[in-house]
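Colleague: show me the folded form of this:
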Amino acid sequence: MGTPFMTRTVEQERDLFFRFKKDASSIGEIYDLFADAVYGYVLKRCGQKELAEDLVSQAFLKLLESRASLEWREVSVRAWLFSVASNALIDHTRKSSTKKEMEWDVDWDPPSQDDPAWNAQLICEGEKLKSILATLSPRDQYVIDLRFFAGLEPQEIGTLLNVSANHASVLVYRAVGRLRQAALAAKLV
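Modeller: You can find the predicted model right below:
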């Protein structure tokens, strides 16, 4: 298996990209490297296991379908997959509801099971935070998702948004500031 996604260099990403462009069978390596992270990201955002699995499948299918037209623009394959999965979730949400709430699976386990009371509190606070996040603009939600759920760096976010890394950092900073203000107004913090 390749280098974990958090320690991959630009050269490794470029090499993976061009190997994929030449040979579609390297999709297996890409899947091994990034599928779990993309799934975790989507699951955190939607709370539904089956939907998260479907959206991850769609992201990898879109990668395969786009293989011939993809161009290297200093964007990691990982960032591309997170962006596609995020957009697919946004599209799903728009199609599936006219402002109705998505149902969250209640049978998924939080990461830690050491303290049941803490986990219950975390779930309650997570629901409050989810509702506050929903009040932010779509762009604020998107940059927060990319930075904190997907774990993308400002340079990757900037490339996806066609802005500089500095500008991407400012967008994240401002979005977090607005989230903080909304949380204070809702007396979450």
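Colleague: so what's the residue count around Ala182?
Modeller: For Ala182, the number of neighbouring residues by other CB atoms under 10 Å comes to 18. The C-beta positions use only the backbone N, C-alpha and C, and glycine is treated the same way.
Colleague: could you give the mean pLDDT of the helix or strand containing it?
Modeller: Using DSSP states H and E, Ala182 sits in helix 165-185. Rounded to a whole number, the mean pLDDT of helix 165-185 is 88.
Colleague: just the helices from this structure, written as ranges.
Modeller: Taking DSSP state H as the test, the helices found in the chain are 10-22, 27-46, 49-66, 77-96, 116-133, 138-144, 154-161, 165-185.
Colleague: which residues are in contact with the fourth one?
Modeller: Residues outside helix 77-96 that contact it (CB atoms under 8 Å, 6 or more residues apart in numbering) are 5, 8, 13, 16-17, 20, 30, 33-34, 37-38, 41-42, 45-46, 51, 55-56, 58-60, 62-63, 70, 102, 138, 142, 145-146, 150, 152, 156-157, 159-160.
Colleague: figure out how far that helix is from the centre of its chain.
Modeller: Going by CA atoms, centre = their mean, to the nearest Å, the spacing between the C-alpha centre of helix 77-96 and its chain's C-alpha centre is 8 Å.
Colleague: returning to what we had before: can I get the helix holding Ala182 in PDB, CA atoms only?
Modeller: Coordinates of each C-alpha in helix 165-185 appear next as PDB, following Å, rounded to 0.1, in the frame of the first residue of the first chain:
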ATOM      1  CA  ALA A 165      -3.700  29.700  -0.400                       C
ATOM      2  CA  ASN A 166      -3.600  32.900   1.600                       C
ATOM      3  CA  HIS A 167      -7.100  33.800   0.400                       C
ATOM      4  CA  ALA A 168      -8.300  30.300   1.300                       C
ATOM      5  CA  SER A 169      -6.900  30.700   4.800                       C
ATOM      6  CA  VAL A 170      -8.800  33.900   5.100                       C
ATOM      7  CA  LEU A 171     -12.000  32.300   3.900                       C
ATOM      8  CA  VAL A 172     -11.600  29.500   6.500                       C
ATOM      9  CA  TYR A 173     -10.800  32.000   9.300                       C
ATOM     10  CA  ARG A 174     -13.800  34.200   8.500                       C
ATOM     11  CA  ALA A 175     -16.100  31.100   8.200                       C
ATOM     12  CA  VAL A 176     -15.000  29.900  11.600                       C
ATOM     13  CA  GLY A 177     -15.500  33.300  13.000                       C
ATOM     14  CA  ARG A 178     -19.100  33.400  11.700                       C
ATOM     15  CA  LEU A 179     -19.600  29.900  13.100                       C
ATOM     16  CA  ARG A 180     -18.300  31.000  16.400                       C
ATOM     17  CA  GLN A 181     -20.700  34.000  16.400                       C
ATOM     18  CA  ALA A 182     -23.600  31.800  15.500                       C
ATOM     19  CA  ALA A 183     -22.700  29.300  18.300                       C
ATOM     20  CA  LEU A 184     -22.500  32.200  20.800                       C
ATOM     21  CA  ALA A 185     -25.800  33.500  19.700                       C
END
